[in-house]
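> Generate coordinates for the sequence data below:
(chains A and B)
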Amino acid sequence: MTSVDLSTTIGNAWFPNPIFTASGCASSGRELAQFFPLNDLGGVVTKSVMSKARTGRPTPRMAETPSGMLNSIGLQGPGIDAFIAKDIPYLIEQKARIIVSIAGETVEEYSTLARKLRSVSGISAIEVNISCPNVENRGMVFACDPDASRRVIDGVRRTIGGELPIIAKLSPDVTDLVSIARGVVDAGADALALINTVLGMVINLDTMRPHLGGKTGGLSGPAIRPIAVRAIYQVHEAMPKVPILGMGGVSNGRDALEMIAAGASGVSIGTASFGNPMALISVAQELKDLLNAKGFTSLRDAIGFAHRIERPQ
Amino acid sequence: MALINKNAAQISAALVSNKRVGQYHQLIINIGDLAQLCKPGNFVAISVGGETSGMVLRRAFAISRVSTSTTFGGTMELIVAPHGQGSRWLCAQPEGATLNLVVPLGTAFGIPTEPVQVLLVGGGYGSAPLFGLAETLNARGCRVDMLLGASTAGKIYAPMEGKRAVNSLRIYTEDGSMGQMGRVTDPIASLIKDMDIAVIYSCGPMAMLSAINAITSQSDVIHQCAVEESMACGIGICMTCVLPVADETGAVSMLRSCIDGPVMDGAYVQWDKVGQVL
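Residues are numbered from 1 along each chain as shown, chains lettered A, B, ... in the order given. Next comes the predicted model:
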């Protein structure tokens, strides 16, 4: 079998393969390290971290839905100081490539987080999660407000300087995704993560009330994959030079290639790891085999292939 | 932290036997040498629905017993209530079917170093892992008494062979259809007073565990309970199965019942805050 060059770049960061964990679906890597070396991944995208430790939302926090699940975690986490002290050194020790995901409740909080990360070495990129629909203050979902999205990215960019790539993670729950994507790129984002979960709800018919403790939750899994593929396709079409980290229901190599063909330079795996701890590894292998079978010698040649005017044979 | 689920492996395993036992199914699964690594209290996460299924999450089941010396090699036994879509699929699998498992997961019941008196309390099919535990405690020389409760007789799981490992077994049903009418928690306070019980091991609904803890907190009896919160992954990455637990300093944090549990020290669980925002 001929080899396929799976390497990819996001901004100025290079990764040996395009398969990443999805933020919030791998904690900070320790749990999955039981099943495979974290160094085998393109990189680990850590769970979105905030300034202070958070306990998150009440249980129940999840409901399985057809081909997917709702979650309502509420960004439970250790806070940025404990994260930098414990999780980053662990990931560096594992020789993992690290993308740190940050989340805030104010524009200022994002800048504060960026300031703390600025002096930490060993980080490949920062994901700015401006779209988590689980934070209690629903009115503060930055990603649904073009102006607020821009201000967050602008603040992070000014704080962090020009070195670290910034990946803005966007929500699909908007009317005009392309205009929001343009806004954050203009404000200094190097890349985009598409898509975050889709806001949903399940009513428990035993109690006749919303099933989740937090009432609403983020829908993930194969159920949202076509939404993600559409989002990636539309944004890549509008801004073909902006790298996209694609995610949303990818569970095998075929799904990953679909996102890459739509325009993704990398693919994150989230919910699939819940059902299959080895999903990240099997997706990477299947993607390689598929690219090879289709005659691609390099992943780069497949990125955005679905946009080409001449159809593949 | 470095030792999270250090024995866990994802494997394909054959379903050796699938028998209906009252309202439950007894499944015996060949897990080979992994059986030696399973301890009472550990659980298994099983893929359900087959390859084309829309059920994307594994189902977690307590391992009720393991055997390392069967004709099939190492096996584990699960007692499954076919209530939901996933468990119904599992209970409908024929003998010889291949299952995808991640096992063993989670914490195990602590076994006393001395041959002390212990009380095992099970609710519904939560009794299942207590029989394997009883065998281990029995081998340690402990005096093992057991209380089982359920709403009705059909929901009591108490196999004949399991009873051999216990010194006494009392059954309680809320409708009086088996054993004594009442709740399994009714006799615990007086048993603690009359007997020299060092540890209570419990497995069953959260309300039962909480009620037991209300009693043990008035005594110096240690309460080891297997907690239950709905989980998506079973391996510590989804953060859905959390409950509030205090540490030695009294600081409360949301711990995962899959990794810091299912077996926890009941004295540290903040029972009144389960299901609430801290």
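> Can you tell me the closest non-neighbouring residue to residue B:151?
residue B:174 (4.8 Å; C-beta to C-beta, 6 or more residues apart in numbering or on different chains). No exception for glycine: its C-beta is placed from N, CA and C like everyone else's.
> buried set for stretch A:266-281?
A:266-277, A:279-281 (16 or more other C-beta atoms under 10 Å in any protein chain shown).
> Kindly report the same for stretch B:169-186.
B:169, B:171, B:172, B:173, B:178, B:179, B:183, B:184, B:185.
> Over to the residue in the stretch 151-300 of chain A positioned nearest to chain B. Which of the three states is it?
Nearest residue of the stretch 151-300 of chain A to chain B: residue A:274, at 3.8 Å (C-beta to the nearest C-beta). Here residue A:274 is recorded as helix under DSSP: H, G, I helix; E, B strand; the rest coil.
> can you check the one 3 residues further on too?
On the three-state scheme (three-state DSSP), residue A:277 is labelled coil.
> Distance of it relative to residue B:9?
9 Å (C-beta to C-beta, to the nearest Å).
> ditto for residue A:30
Taken as C-beta to C-beta, the span from residue A:30 to residue B:9 is 17 Å.
> higher neighbour count, these two?
Legend: neighbour count by other C-beta atoms under 10 Å in any protein chain shown for residue A:30 and residue B:9, higher for residue A:30 (21 against 17).
> gap between stretch A:207-224 and the chain center?
20 Å (C-alpha atoms, centre = their mean, to the nearest Å).
> near chain B, anything from it?
Yes - applying C-beta under 8 Å from any C-beta of the partner chain, one finds stretch A:207-224 in contact with chain B at A:213, A:221, A:222.
> Let me have these in JSON lines, adding secondary structure as columns.
Conversion of the residues of stretch A:207-224 next to chain B to JSON lines gives the following (three-state DSSP):
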{"residue": "A:213", "secondary structure": "coil"}
{"residue": "A:221", "secondary structure": "coil"}
{"residue": "A:222", "secondary structure": "helix"}
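> Would you mind listing which of these are buried?
Buried among the residues of stretch A:207-224 next to chain B by 16+ other C-beta under 10 Å: A:213, A:221, A:222.
> Around chain B, pick out the residues from chain A.
A:24-27, A:30-32, A:34-35, A:47, A:55-62, A:64, A:66-69, A:71, A:73, A:76, A:213, A:221-222, A:251, A:271-278.
> for the stretch 1-150 of chain B, what spans make up the strands?
For the stretch 1-150 of chain B, the strands defined by DSSP state E, counting those that start in this stretch cover B:9-21, B:24-30, B:43-46, B:59-62, B:65-70, B:73-80, B:98-105, B:117-123, B:143-150.
> Can you give the strand pairings for the longest one, parallel or anti for each?
Partner strands for strand B:9-21, per DSSP bridges, with pairing direction: strand B:24-30 (antiparallel), strand B:98-105 (antiparallel).
> what's the angle between it and strand B:73-80?
60 degrees (axes from the mean of the first three to the mean of the last three C-alpha atoms, to 10 degrees).
> mind saving the C-alpha coords of strand B:9-21 as CSV?
Extracted in CSV, the C-alpha atoms of strand B:9-21 (Å, rounded to 0.1, in the frame of the first residue of the first chain):
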residue,chain,number,x,y,z
ALA,B,9,-9.8,-3.2,27.5
GLN,B,10,-12.2,-3.0,24.6
ILE,B,11,-12.9,-6.5,23.4
SER,B,12,-15.3,-8.6,21.3
ALA,B,13,-16.7,-11.3,23.5
ALA,B,14,-19.1,-14.3,23.0
LEU,B,15,-22.4,-14.5,24.8
VAL,B,16,-22.2,-18.0,26.3
SER,B,17,-25.6,-18.2,27.9
ASN,B,18,-28.7,-16.0,28.1
LYS,B,19,-31.4,-17.2,30.5
ARG,B,20,-34.5,-15.6,31.8
VAL,B,21,-34.6,-15.4,35.6
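> show me what contacts residue A:285?
residue A:253 (C-beta atoms under 8 Å, 6 or more residues apart in numbering or on different chains).
> do the same with residue A:221
A:65, A:67, A:68, A:69, A:249, A:271, A:272, B:56.
> can you check residue A:252 too?
A:282, A:283, A:286.
> The first one and residue A:273 touch, don't they?
Which is residue A:282. No - if you go by C-beta atoms under 8 Å, residue A:282 and residue A:273 don't touch, sitting 10.6 Å apart.
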